[in-house]
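J.: Sequence and predicted structure below; questions after.
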Amino acid sequence: MSLRSLVLALLLANLGFWAWSQDWLRDLGLPPPGVLTEPERLTRQVHPESLSIAPTVAAPGAGASAVRSAPASVAGVPATNEALAEPAPEGACLLIGPFDARQAEALRSSAAAALPPDRWRMDESQLPSRWMVYIGPLADAAALASKRAELRELGVDIDRPGAAFEPGLSLGRFGSSEAAERALMELGRKGVRTARVVPERPDTSVFTLRLLRVDAALHSQLAALPLVGREPRPCE
């Protein structure tokens, strides 16, 4: 076979394959696989009018709580968790505090007079000591503003030191004097020269009022107590 005959044969073969893949040879009994004709497509069509939706059935023993565990959403907004909106159950335990020693003494006297003795107690715990890297006291507001700007230029974080140390600046608070001294050395490497370590707070006793088996009557009696703005919270 000559080269020209071979090229012509390949060309005819490609044309034949293309015609077959386009379903042009169906009338010759040569349909491509996977192509449905109109009658075949109609016989395989799903009829929506014959479908039905079965209700969801919870697993045995799951109860209503299993249904509520996955609330639906409306218009893309999650449904409200009803449990969060419910009031605390009757008989709950509540904590109020912390209070310092003076506040706790006044509260203890009021609770003894207003509350049943078996429904409350005062718990004591220790607030550990704390140390502060401190600059101050400074002369006035202008000196404070100047020192604040200077520290910001050095990239040093600052905070208010608390009423007992005003006017001044806190450069960090720490649970031990050793940690505070290490921080002071790091600040010295940044160019801070006037800071020092001071004890911000010694070991301190704090007190929390624990209310037991709270009911509506006990809750109403809390208004008579000097709670100094503290709000009840659930016991841990």
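T.: It's in.

J.: Check the chain for its longest strand and report it.
T.: Longest strand in the chain, counting residues (DSSP state E): strand 204-214.

J.: Give the buried residues for that strand.
T.: Across strand 204-214, burial judged by 16 or more other C-beta atoms under 10 Å covers 206, 207, 208, 209, 211, 212, 214. Where you see a C-beta, it was placed from the backbone N, CA and C, and this is true even at glycine.

J.: Leaving out sequence neighbours, find the closest residue to the fifth one.
T.: It stands for residue 211. residue 94 (4.4 Å; C-beta to C-beta, 6 or more residues apart in numbering).

J.: who does the helix or strand hosting that neighbour pair up with?
T.: Counting by DSSP states H and E, the element that carries residue 94 is strand 92-99. Using DSSP bridges, the strands paired with strand 92-99 are strand 204-214 (antiparallel), strand 233-234 (antiparallel).

J.: Could you tell me the average pLDDT over the first one, please?
T.: So that's strand 204-214. Strand 204-214 shows a mean pLDDT of 94.

J.: Backbone dihedrals for residue 178, both of them.
T.: With angles defined as degrees, to the nearest 10, residue 178 sits at phi -60, psi -40.

J.: Can you give me the distance of it to residue 184?
T.: Applying C-beta to C-beta, to the nearest Å, the value for residue 178 to residue 184 is 11 Å.

J.: Settle it for me: which of these two has more neighbours?
T.: residue 184 (19 against 11; other C-beta atoms under 10 Å).

J.: Before we move on, what's the pLDDT of the more buried one?
T.: For residue 184, pLDDT reads 96.

J.: Could you do residue 71 as well?
T.: Per-residue pLDDT puts residue 71 at 38.

J.: Could you do residue 228 as well?
T.: Reading off the model, residue 228 has pLDDT 90.

J.: Same check on residue 200?
T.: 92.

J.: Leaving out the residues flanking it, which one is nearest to it?
T.: residue 132 (4.1 Å).

J.: That neighbour should be in a strand, yeah?
T.: Yes - judged by DSSP: H, G, I helix; E, B strand; the rest coil, residue 132 forms part of a strand.
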